[in-house]
Every structure is written in C-alpha cells, then in structure tokens.
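[1] Sequence below, structure please.
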Amino acid sequence: MKNLLMQLVSQEYIEIAADVRSGKPRIAGTRIAVEDIAVLHLKLGYSLVEIAGKYDLSLASVYAAMAYYFDHRDEIDARTVQEDELVEVLKQNYPSRLQEKLKQLRNE
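    This next block holds a predicted model:
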C-alpha cells in the first residue's frame, strides 16, 4: 500500500516526455528535471524550501522530485555521468572558437 501511495504522488508531480529534456523525469508542467533539483539540494546545499521559492514550484513537487530521485538514484546518476563524459569528449574534439580567440589575445 505504501508503494502504491508513492507512485500516485510521483505521477501527480513528476512526468516524463521524450520530447522534453531528452526524456528526463521532470517536475510536471516545467522543464526542471529531477536531477536539477537533486544537484541543487545535494551538491549545492539549497534547502528544498529555497528551491521551491527560487523556481516558483510547489514544495510538494520539490519533495516529490527528491523522492523520485532516491527511488531512481542509480539510473539518474549513471545518466548524468554519461552526459558529463560526452561533454568532455565534445570539448576535446570541438574546442571553443571563443576560448581560442581569448587565448590568442592573452598571448599577444
């Protein structure tokens, strides 16, 4: 029964659509991904109340995002690692022209 209740809460506040944020779970009606909330809270130290206020979200939706994150932590963290690795590969293969120009200006 407890698990069923959690699923109902998550379905009310969390949605997944393939065409929004690459299918990442997000707070319903927004583009704010569950992983965004987790990073703000766990890595940057924002309280859930601060996050709700800063992004004009209901406190219930922010708590639901964290509940969803903890229920799917391994999957979300693995996806984040893959995305970070892809960004590094792209940075190495396609250096920023702006960064190159700034580097040249500093050397002159």
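
[2] same for the top helix by length along the chain, what does it pack against?
    Selection of the longest helix in the chain by residue count, based on DSSP state H, yields helix 73-93. Using 3 or more C-beta pairs under 8 Å, 6 or more residues apart in numbering; DSSP states H and E as the contact definition, the elements that helix 73-93 packs against are helix 34-38. C-beta here means a position set from N, CA and C on the backbone, and glycine is covered the same way.

[3] Dump the helix it packs on to PDB, restricted to CA.
    Taking Å, rounded to 0.1, in the frame of the first residue of the first chain, the C-alpha atoms of helix 34-38 are listed here in PDB:
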ATOM      1  CA  VAL A  34      14.500  15.700 -11.100                       C
ATOM      2  CA  GLU A  35      18.300  15.700 -11.400                       C
ATOM      3  CA  ASP A  36      18.400  19.500 -11.400                       C
ATOM      4  CA  ILE A  37      16.600  19.500  -8.000                       C
ATOM      5  CA  ALA A  38      18.900  16.800  -6.700                       C
END
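
[4] mind checking the SS state of P95?
    Taking DSSP: H, G, I helix; E, B strand; the rest coil as the rule, one finds P95 in the coil state.

[5] Relative to I14, how far out is it?
    In this structure, P95 and I14 are separated by 37 Å, where distance is defined by C-beta to C-beta, to the nearest Å.

[6] between the two, which one's more packed in?
    In terms of neighbours (other C-beta atoms under 10 Å), I14 is the more surrounded of P95 and I14; the figures are 21 against 11.

[7] which residues sit in contact with that one?
    Each residue near I14 by C-beta atoms under 8 Å, 6 or more residues apart in numbering is listed here: 25-28, 34, 64-65, 68.

[8] I appreciate the help and will end here.
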